[in-house]
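Asks: any chance you could fold what I've pasted below:
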Amino acid sequence: MLGIRLSRLPMSAKVFCTLFLLGIGCGAIAAAVQAATAIGLTPADVQASLGREMPMTSLAPAGHGQHHQAEKEISVSDISGAAKVWIRTPLLIQTSHTHLFGQTLIAGLLGLIFLFSSVGERLKSVILALPFVGTLIDIGGMWLTRFASPSLSVLVIAGGIIFAVGYTLITLIALYELWLMEEPPA
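Replies: Okay, the predicted model is just below:
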């Protein structure tokens, strides 16, 4: 773009781009670990966390000589393990708000670096779009899982994967061009 290439950047710009890409990568790994521990990484985990009702265990049936109880005091250990975290609608709104701003800003800054890659324009356009599209599918999938159909929970996982693939491609190509690519003399 405009004759500026990652491989031709001055050392300070190469260091800046590299540290930004690595920092975002560390953040992405932390986000994946947080998602895995708080929600889970399967469609069933996402469904349980985004369900309209808080998942609870059913009361055990009464044994011989016991009566069913209409109410039973429960402890935390009685709550179903099906949902590690149940996301109420206000939290879904807050999560959507912060993730749409944050992930779009991250995708934009990644894209700004990648605009100066020597990759062909068509392929560059596709790769640049991946983090943006992944974000929209991820957040949209959360809302669709909650309000349209639990089976759409696969969109949440697919969106995260698409974002991660875009980030990974941008980072690997950019780091290669920043540090390993040899530019022919002008």
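Asks: from here on, just use CA atoms for contacts and neighbour counts.
Replies: Will do.
Asks: pull the CA atoms of the helix or strand of the chain with the lowest mean pLDDT into CSV?
Replies: In the chain, no helix or strand scores lower on mean pLDDT, DSSP states H and E than helix 43-50, which sits at a mean of 92. C-alpha atoms of helix 43-50 as CSV (Å, rounded to 0.1, in the frame of the first residue of the first chain):
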residue,chain,number,x,y,z
PRO,A,43,-22.1,-26.1,21.9
ALA,A,44,-23.7,-27.7,24.9
ASP,A,45,-21.7,-25.5,27.3
VAL,A,46,-22.7,-22.4,25.4
GLN,A,47,-26.3,-23.5,25.3
ALA,A,48,-26.3,-24.0,29.1
SER,A,49,-24.8,-20.6,29.7
LEU,A,50,-27.0,-18.7,27.3
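Asks: which strands and helices lie in contact with that helix?
Replies: Here helix 43-50 touches helix 121-147, helix 153-179, going by 3 or more CA pairs under 8 Å, 6 or more residues apart in numbering; DSSP states H and E.
Asks: now the element after it, going C-ward?
Replies: Moving toward the C-terminus from helix 43-50, the next helix or strand (DSSP states H and E) is helix 89-114.
Asks: circling back: out of the helices and strands packed on helix 43-50, nearest to M11?
Replies: Among the helices and strands packed on helix 43-50, helix 153-179 comes nearest to M11, with 9.3 Å by CA to CA.
Asks: center of this structure, which residue is that?
Replies: What sits nearest the mean C-alpha location of the chain, by CA atoms, centre = their mean, is G160, with 3.8 Å.
Asks: from the chain's centroid, how far away is the least confident helix or strand of the chain?
Replies: How far helix 43-50 lies from its chain's middle: 15 Å, per CA atoms, centre = their mean, to the nearest Å.
Asks: before we move on, back to that, columns mean pLDDT and distance to V15 on top of the helices and strands packed on helix 43-50, output as a markdown table?
Replies: Below are these laid out as a markdown table (pLDDT from 0 to 100; distance: least, CA to CA, whole Å):
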| stretch | mean pLDDT | distance to V15 |
| --- | --- | --- |
| helix 121-147 | 97 | 21 |
| helix 153-179 | 97 | 9 |
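Asks: in CSV, list those along with distance to A28.
Replies: Putting the helices and strands packed on helix 43-50 into CSV (distance: least, CA to CA, whole Å) gives the following:
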stretch, distance to A28
helix 121-147, 12
helix 153-179, 8
